[in-house]
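*Asks:* Below is the sequence, then the predicted model.
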Amino acid sequence: MASINPAPVASAQLPSEFKTEYHPRSGCPTLFQPFDEFRTSEAQHNAPIIDDEPWRPFRSRGDFEFSEIAIEAALNKSQINSLLSLITRISEGRAQITLKNEADLLKAWDNAAAELTPFSKHEVPVTYKKKEQVYEVHTRPIWDWALDLLDNPLLVPQFVWDTCRVYKRSDTEFERFFNEPWTGDRWWDIQSSLPDVDGAVPFAFVLYADKTKLSSHGTVKGYPVVVRCANLPTHIRNGEAFGGGRIVGWLPIVPEDAGEEGKLGYTTLKRIVWHESFFKLPELAAQYSKTGYSHKCHNNIVRWLFPVILILSADYEEQCMMSLIRGRNGKCPCPVCLVPLAELHDLSKTYPLRSMEEVKEALRVYRRSKAQGEELLKILGLRPVEIVSYSDPHDALSFDRLHALHASLWKHLLGELKKILASLGHEAQAAFEKLISNFPRWRNLNHFKSVINVSFTDGNKYQDLSKQAFYAGVNILTSRASQEGHQLLCVISTYLQLDSLIGLDVHTEGTLAAIEAELLVFDMELKAYITCVESSDIEKLKLDWDFLKTHLWKHVVRDIRRKGAACNYSTRPNEKLHSPLKDTYHDRMNRKDVATQILHVDHHKFSLMLLRERVDMVNEHNRLQVLGDDLPDEDVDVTFNGHVKMGAPIQHPSSILDLENCSSVDWAFQAFRRKFTEFINRSLPTYGHQLTNWITFPADYQIHEYRYLKVNYESMVDWKQATDHLRCNPQFHGLPWFDHALIQLTVDETIFVRLIFLFRCCISNLGSFEFALVQPYTARINSARRTDHFFKLTRVKAIPRASSIFIPLNSFIRGALLVPNPDYQDEYLVVDHIDSDMFLRMKAWAPQ
């Protein structure tokens, strides 16, 4: 197919040079690299040893694949036996299945699981009111789990041991950036504090813990602990494969007791049980944190690994437990700093950070004199319990967007929004609901039909709703309609700015400065809202914003500098592991000895995951062997040339006359034949195609329509490939779906367009070409809208449909989400918070 490459390049402007400054103890010199080299400078991977029978200890590949299906489908004993009996009788395929019954399968699962460290049960005795009580904790020691990772030939080359400071060139200077945990200052400080021996490096753990309801009514609960390895890259560490998070513990839950709840002794008991149980997980790792562990890496370099808990990922309630503070009602309720309870809302003030030395001194005073010690502990907001840990929990605790923003602060803002809409009456509520229901669809964006009388528990839905509710409220909550509503939108606007900034996967000094500046804007707008509410007649609007989760993002910039991007300590990937536990409880259990049975199934799944990776590796090896010299270019994931690919073709082509006749229902097709003829003859020479004659198209000229477009582009955030999936379909699941996109119109101009028609056509003697008919959003907006300034909006206006234009597909930069402004015909607002790349593009695009 002939290609048309527009003069402008449809990709982000990328930094031309990077600098990597390694820790002095690594022995590595400072490295300077161009962009292409930096992107591909992963450690050279040794070819893994290919096992001819990677499904062992199963007797055949068929046995292994059957066991995968059985465990994922949660088949019970009767179903397994019936299915195996049927397969045994009728199977004549290439895969041999030797399993005969459920007992045979269980034995195979146990054999596979024997390769990995199993769970063990421990008793934790604790004395309460002079009586010893025993609690059970189930653990897979995290150091044993770490050794399982180190033994995996697929993961071994991916480990990063030495901390580094990375920079990208900005004009004439290098600007430092932060992404992975080893680019942060905490890893640097830890490596500097290790014994001065060759090869001394941290083995960094990320630990998460949270209770979850297993039964439908919440009467049966579990308390899983999840571990991840910070030495592995984010896409592996936060993924769902073998190198991702695993359950390594199941903590005891002290039962609720109405007669004891609220008493200091009972509250203290819960914390003692938690810490004594939790420490069973890193018990062996704590020993090696002092002596180190000698390990030969895949490149035959011997390193001394020193285990450290780099990150504690948790919601606020668990952070209180981990740091042993008194919680939201304590005098200093922050687990990181000593901010007083009454000052939580004031983000303009900074308070001293907590330290383990301070905690230890307070406990020493408490041991000498309970009265003096209790007074000191109250001032610091601490519980009178020893922290059983070999790492500083205050430094390891980290900001979590899910619980601090999406499922907390935004939930409060949404509550205020609903109250204000209710005060405006049913008409305003109905208008808001209609705008939410009609909000344009976007891939992986939750869509809502109703919001006013609906509540959610899913933080992901809250996150998506925040982006949609803001744009729905802009035209309803004007300053004339509601001073309270307009000021609340100012708060929501700066909230979205902060959420998008914090959510970047790569941070520079510039983005960190932007967060700190926006925090002050949020602080100012929130105070203005409080002032507005003080004189409001609307009932039950919130005046007290002194709650911890408003304050917590005060520490996010420090967390990013010390531990990298917020995705490194997000609870979101960990909470995804709760759902399989609930499924196991409902589908695979007899409701007895809950922890043992659930963890037994989880261990089987873990072992099968390891075997699946080995089988997939063999499959890929065999596939590449078959390809031989026909091996694709370097990026085997990209299965098409260029950065765009059409899909969903219509079975029968249309004639150009048929398309022109569509103008009776859509003016975009008016004079289609004439406009297309002029476009081809004018454009092809500018793209390097020499024309000897004026090209004309007969009435029966055939055009092949497509209704889907895949666009790959380089993200402005991390310079990696991202993909948008665009629809151009009059009937997609019963509804019309025509997406928007950002395109490169000229060398100096990028514009927004709406897709109208995607097609391929063949031109004699020149070949096949791919084009799009689009409606540009370049019409002049006569006067500036005040709301655009208040809320940092990007507004565009569509030209008439009859003035639509043709463009080559290679003009597409990426997809875009635009929401119509109902008060102004043909005007649209760009949803710049749809993803991080669009957020940054709009920061650069806005001045145009």
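*Replies:* Alright, I've got the coordinates.

*Asks:* Lowest mean pLDDT among the helices and strands, pick that one out for the protein.
*Replies:* Lowest by mean pLDDT, DSSP states H and E among the helices and strands of the chain is helix 77-90, with a mean of 71.

*Asks:* longest helix of the protein?
*Replies:* If you go by DSSP state H, the chain has its longest helix at helix 594-627.

*Asks:* Following element in sequence after it, please.
*Replies:* Proceeding N to C from helix 594-627, the next assigned helix or strand is strand 644-649, under DSSP states H and E.

*Asks:* what lines up beside that following strand in the sheet?
*Replies:* strand 702-714 (antiparallel) (DSSP bridges).

*Asks:* Following the chain onward from the partner strand, which element is next?
*Replies:* Assigned by DSSP H and E, the successor of strand 702-714 is strand 721-732.

*Asks:* Which strands border that next one, and is each parallel or antiparallel?
*Replies:* strand 702-714 (antiparallel), strand 735-738 (antiparallel).

*Asks:* can I get the CA coordinates of it in CSV?
*Replies:* C-alpha atoms of strand 721-732 as CSV (Å, rounded to 0.1, in the frame of the first residue of the first chain):
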residue,chain,number,x,y,z
GLN,A,721,4.2,3.6,23.2
ALA,A,722,0.6,4.1,24.1
THR,A,723,-2.5,3.2,22.1
ASP,A,724,-5.9,4.7,21.5
HIS,A,725,-8.8,2.7,20.0
LEU,A,726,-11.1,5.0,18.0
ARG,A,727,-14.6,4.2,16.7
CYS,A,728,-16.2,5.7,13.6
ASN,A,729,-19.4,3.7,13.7
PRO,A,730,-23.1,4.7,13.2
GLN,A,731,-24.2,1.6,15.1
PHE,A,732,-21.8,0.4,17.8
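
*Asks:* Which positions in that strand come out as buried?
*Replies:* 722, 724, 726-729 (16 or more other C-beta atoms under 10 Å). C-beta here means a position set from N, CA and C on the backbone, and glycine is covered the same way.

*Asks:* Among these, pick out the one closest to residue 653, please.
*Replies:* Ranked by distance to residue 653 (C-beta to C-beta), the buried residues of strand 721-732 are led by residue 728 at 16.2 Å.

*Asks:* Got the confidence number for residue 717?
*Replies:* Per-residue pLDDT puts residue 717 at 94.

*Asks:* picking up where we left off before, kindly present the strands paired with strand 721-732 as a markdown table, with separate columns for mean pLDDT and distance to residue 18.
*Replies:* Below are the strands paired with strand 721-732 laid out as a markdown table (pLDDT from 0 to 100; distance: least, C-beta to C-beta, whole Å):
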| stretch | mean pLDDT | distance to residue 18 |
| --- | --- | --- |
| strand 702-714 | 95 | 15 |
| strand 735-738 | 93 | 40 |
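
*Asks:* for those, which one sits closest to residue 256?
*Replies:* Short answer: strand 735-738, nearest of these by C-beta to C-beta, at 48.4 Å.

*Asks:* what's the angle from the next helix-or-strand element following the closest one to strand 702-714?
*Replies:* Under the assignment DSSP H and E, the closest C-terminal helix or strand after strand 735-738 is strand 740-744. With axes from the mean of the first three to the mean of the last three C-alpha atoms, to 10 degrees as the basis, strand 740-744 and strand 702-714 are set at 80 degrees to each other.

*Asks:* Strand 740-744 - contacts with which helices or strands?
*Replies:* Under the contact criterion of 3 or more C-beta pairs under 8 Å, 6 or more residues apart in numbering; DSSP states H and E, strand 740-744 touches strand 750-763, strand 812-816.

*Asks:* Direction included, what does that strand pair up with?
*Replies:* Applying DSSP bridges, one finds strand 740-744 paired with strand 750-763 (antiparallel), strand 812-816 (antiparallel).
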